[in-house]
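A.B. asks: have a look; sequence and predicted model below, questions after that.
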Amino acid sequence: MHHELSLDFCLNAAKLLLENGRESVGFDFLNSVAGRFESSPDLGKITLLYIEFLLQNKRELLAKQKVEEIIIGHYTGKQLLSETLNQLHIILWDTAAKHYEAKNYSEALHWYNYSVSFYMPGQIDQNLAKLQRNMASCYLHLKEVDKAKEAVKEAERCDPNSIFTQFSVYKIAVMEDDTDKAVEAVIEMGKLAEKSSQCEDKPTVDENTGSNLLSLAAQIALENEQQVVAIKALEYLSEHSRDCRQVFAALKCLVRLVLSKVVVENEEKRNKDIKSMLTYLTLAHRKLAEPFTEENLTRDIRTFEAHWFRKVAWNLAVQFKDCPEKMRDFFVLSFKLSQFCPSDKAVLIAQKTCLLMAAAIDLELGRQQVTSSEQMEFLTQALQHLQACKEVWKVLKLTGDFAKDPTDTLLLLYEFEAKSKLNDPTLNSLMESVWEQPQIEVKTLEIIASLAMEPPARYPVLCKKALQGALNLHRKQTAIDAVKFSKCLHSLINLSLPTGVTDLDACVLQEVWGYFEDALSVISSTDGYPEMEILWLMTRAWNTGIFQYTIGKYKEAEQWCGLGMRFLNHLGSLKKTYEGHMVGLYSEVLDKLDRAKGFIPNEE
């Protein structure tokens, strides 16, 4: 004290005394230093050191007295230098934070209020905003919501574009069960988190802070049973977080939350939530497709997540079978997600089924469309799914015996339908391979025949060839199924001998005659040929004969009318109804034919 030493030198000496247990000497020395430097602008440093050591020694009451002395001095012309005041704020906040961590919220508020005392009314400062947010948290723990709202209002005034301020607004809204306000706050937090991540030169907050706050917001909402708010927070989190695991956790939570809602919702809300599900699963696929390193996402975790989401997509596809387009979308997503899984047999089977189902749904949607452009779009999509399915099926067949699996047949029928309706030029080459198959089934050929003439497709030649193939297979069976045979023959005759067509080639008539003979052969050798089909055959043969008569072909007329009479003998209960009329009419026709023949001049 007898030397002209600087204040900092004296303060360091005091620190040495206090740090080494010489409190009495240390504090006496500080009082002396304060008297010596009473006129120095740095006088506040002495009081600051005093407060620090009082707090370190758990003597908070004396520390409070010293802080209150500084506050009084602040408003009576003895302000601290800005650097010293900043250090004081740090001490006050640290003390408040310790009380907050100890859940002594009232005491924490006491120390925060000391800090507030140094700000002028209406002053705008980001630190003041942070201070008000901290105080709001204390008030919320004390259930003093109105005071918390006032503190947050001050924070908004000072720093409205802070994600922390919006988080404080959010917490109060959740506590008050104000869903709309909470959702608005989450939306603002999401925007600020996105803006922060895009600000490369000077981010407003750490890039993970926004995501962590959104995660905490979702947790708070769930704890307070506010699912709508939680969903909004999780949606923003899944969109903006750069942490893959955090994104997958958020998406899983979203799927579970929305699924629980869908079960009890009306159709309009249900459709909206189904759309949300598609969005979540699409985002999961996008995240899985991003390049990854073992540090942020190991291969095993990536595979596990892909399996989880592909199974969810599959189950949703099955669950929403009353919404064909959504069902198709879920199957396609399940396939895409499965591409991040090891290609074992189970996954390959799932992929094949997803693609087959997607193609089947697109074909069905194509049948229902009014406009040709929409129909073409669905059919083209179906072909794309089928092409992918073929590749999967090719690999899958190498893993075992699939002799009884109908996939080959389904692929053929689906591809034929799509290509025939699209008038695809490769259709004929597709069918060439079909005709060469030795094990093709009757049902397959019959379906091909039907599809070949289903609008907008029109391929009578292909239809006829398929029906002829089916008829040959029917004949080769040990016991002919008369009903199925009759249907196939009916279609073939209708195609070859169209109703109302007058200009028939002799070759065509000869071909059709063979079909009628086939029918008689089966009718004669088997039971169960439908009587209405026999009647139909009789009528068609008879009408063909009458037409031949009208154009002067008497010999042909007699043959066809006679053919019709041969079917009459095989009618059961209907025979009596038609017999008298048919016999009389046939006699009349024969008589007319004889007379007509008499007028035909003999050839020289």
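C.D. replies: Alright, I've got the coordinates. Treat the numbers as computed from the prediction; the structure is a model and nothing was measured. Numbers count the residues shown, from 1 in each chain.

A.B. asks: make it CA atoms for all contacts and neighbour counts henceforth
C.D. replies: Noted.

A.B. asks: just checking, Ala470 touches Ile447?
C.D. replies: No - contact criterion Cα atoms under 8 Å: Ala470 and Ile447 do not qualify, at 10.0 Å.

A.B. asks: among these two, which residue is more densely surrounded?
C.D. replies: Ranked by neighbour count (other Cα atoms under 10 Å), Ala470 and Ile447 place Ala470 first, with 24 against 16.

A.B. asks: who's in contact with the more buried one?
C.D. replies: Counting by Cα atoms under 8 Å, 6 or more residues apart in numbering, Ala470 makes contact with 441-443, 445-446, 488.

A.B. asks: do Trp513 as well
C.D. replies: Trp513 sits in contact with no residue, where contact means Cα under 8 Å, 6+ apart.

A.B. asks: how would you label it: helix, strand or coil?
C.D. replies: helix (DSSP: H, G, I helix; E, B strand; the rest coil).

A.B. asks: okay, it: pLDDT?
C.D. replies: On pLDDT, Trp513 comes in at 93.

A.B. asks: please save the CA atoms from the helix or strand hosting His89 in PDB.
C.D. replies: Using DSSP states H and E, His89 sits within helix 82-101. Taking Å, rounded to 0.1, in the frame of the first residue of the first chain, the C-alpha atoms of helix 82-101 are listed here in PDB:
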ATOM      1  CA  SER A  82     -19.100  -1.600 -20.000                       C
ATOM      2  CA  GLU A  83     -16.400  -4.400 -19.800                       C
ATOM      3  CA  THR A  84     -16.900  -4.700 -16.000                       C
ATOM      4  CA  LEU A  85     -20.700  -4.600 -16.300                       C
ATOM      5  CA  ASN A  86     -20.500  -7.500 -18.800                       C
ATOM      6  CA  GLN A  87     -18.400  -9.500 -16.400                       C
ATOM      7  CA  LEU A  88     -21.000  -8.800 -13.700                       C
ATOM      8  CA  HIS A  89     -23.800 -10.000 -15.900                       C
ATOM      9  CA  ILE A  90     -21.800 -13.300 -16.500                       C
ATOM     10  CA  ILE A  91     -21.400 -13.700 -12.700                       C
ATOM     11  CA  LEU A  92     -25.200 -13.100 -12.100                       C
ATOM     12  CA  TRP A  93     -26.200 -15.400 -14.900                       C
ATOM     13  CA  ASP A  94     -23.900 -18.200 -13.700                       C
ATOM     14  CA  THR A  95     -25.300 -17.900 -10.200                       C
ATOM     15  CA  ALA A  96     -28.900 -18.000 -11.500                       C
ATOM     16  CA  ALA A  97     -28.100 -21.000 -13.700                       C
ATOM     17  CA  LYS A  98     -26.700 -22.900 -10.700                       C
ATOM     18  CA  HIS A  99     -29.900 -22.300  -8.800                       C
ATOM     19  CA  TYR A 100     -32.000 -23.300 -11.900                       C
ATOM     20  CA  GLU A 101     -30.100 -26.600 -12.200                       C
END
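
A.B. asks: give me the angle between whichever helix or strand comes after it and helix 82-101.
C.D. replies: For helix 82-101, the following helix or strand on the C-terminal side (DSSP H and E) is helix 105-116. On the basis of axes from the mean of the first three to the mean of the last three Cα atoms, to 10 degrees, helix 105-116 is oriented at 170 degrees to helix 82-101.
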